[in-house]
Structures are given as structure tokens and as C-alpha cells.
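Colleague: Got a sequence here, can you build the structure:
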Amino acid sequence: MGKPYQVIDHTADIGLHVFGADSAELFRNAARALTDVITDHRSVVATESLNLTITGLDWPDLLVNWLRELLYLWSGKELLVESVEIEQISAHRIVATAFVESYQSERHRIHNEIKAVTYHQIDVSKSLTGWQAKIILDV
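Modeller: Predicted coordinates for the structure are as follows:
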């Protein structure tokens, strides 16, 4: 199976177009995309889990806040996300478990340093065929 997202060319930033059959899969795939922008998610082997509860005003705000929290795990705590399990999700709240590993310089090659997850051109939408989102990362 191919990747459930595409990288979008965007000047001085990295754009992601993420797909999912439902909102939970969309947010899982967005987490994977973020990890793959930072490093290869396949090199991450979870050694601990973290419970996360994130809120937002609507789907786009929730997605930005979700990815900002996952980015903080990396930039603030040097934890890389292997995968996430979505326990509850609505337009205003996500409850999830993140499976993480501490950064190991001998095993994890860093592809990009992400400064921020932005609201620039943010879009989260549902269609008859599933969910999709576009999000821009400031690198």
C-alpha cells in the first residue's frame, strides 16, 4: 500500500495533503506524515506511550493543535512518534495515545527541522469518499 498522504511543493515550507477514510484515520495519517517529514517513521520503535487530549474550535483548529502537540514532543522533549491510537475524536476534541521513542542519533536520521505547524491554507474536509486535509509546515 502506498503512503496515505502526498507532499505538496510549497516555497520555504512543506505542504501535506493527507487522506483518511474517516476523521480518526485522517488524524493518524497526519501524525505519520509529520513523523516522516522529521525522520523515517519506520526507524522509530516505541518504548513508551503518552495519553493526549487536544481541543480545538473546529476540525482545522483541532488538526493544527494536534500536530503542534506532536511537534512539541519532538522539539521540546526529543520524542519521535512511531504511531498513534485515536480513542475518541470529534470536531472539538481528540483523545489519543502516542507511542514514542526517545531520539537516538545513531538510529534516527533527521530529514527536516520543523519550526511550526501553521494555519496558512489549512483545510479539512469530508466528502463521499473520505476525509482529506491540507496543512503547511514552516521549516
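Colleague: shouldn't K134 be in contact with I14?
Modeller: No - between K134 and I14 there is no contact under C-beta atoms under 8 Å: 11.7 Å. In short, each C-beta sits where N, CA and C put it, glycine included.
Colleague: Now for those two: what residues contact both?
Modeller: When contacts are counted by C-beta atoms under 8 Å, 6 or more residues apart in numbering, K134 and I14 are jointly contacted by I8.
Colleague: What residues sit buried inside stretch 57-68?
Modeller: Residues W59, P60, D61, L62, L63, V64, N65, W66, L67 are the ones in stretch 57-68 that count as buried (16 or more other C-beta atoms under 10 Å).
Colleague: ugh, typo on my part, it should be stretch 112-123
Modeller: Within stretch 112-123, the residues scored as buried using 16+ other C-beta under 10 Å are I114, A116, V117, T118, I122.
Colleague: Okay, and which of those residues map to strands?
Modeller: Under the assignment DSSP state E, the buried residues of stretch 112-123 contribute A116, V117 to strands.
Colleague: could I get the buried residues of stretch 112-123 as CSV with distance to S23?
Modeller: Shown next, in CSV, are those (distance: C-beta to C-beta, whole Å):
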residue, distance to S23
I114, 23
A116, 23
V117, 18
T118, 21
I122, 15
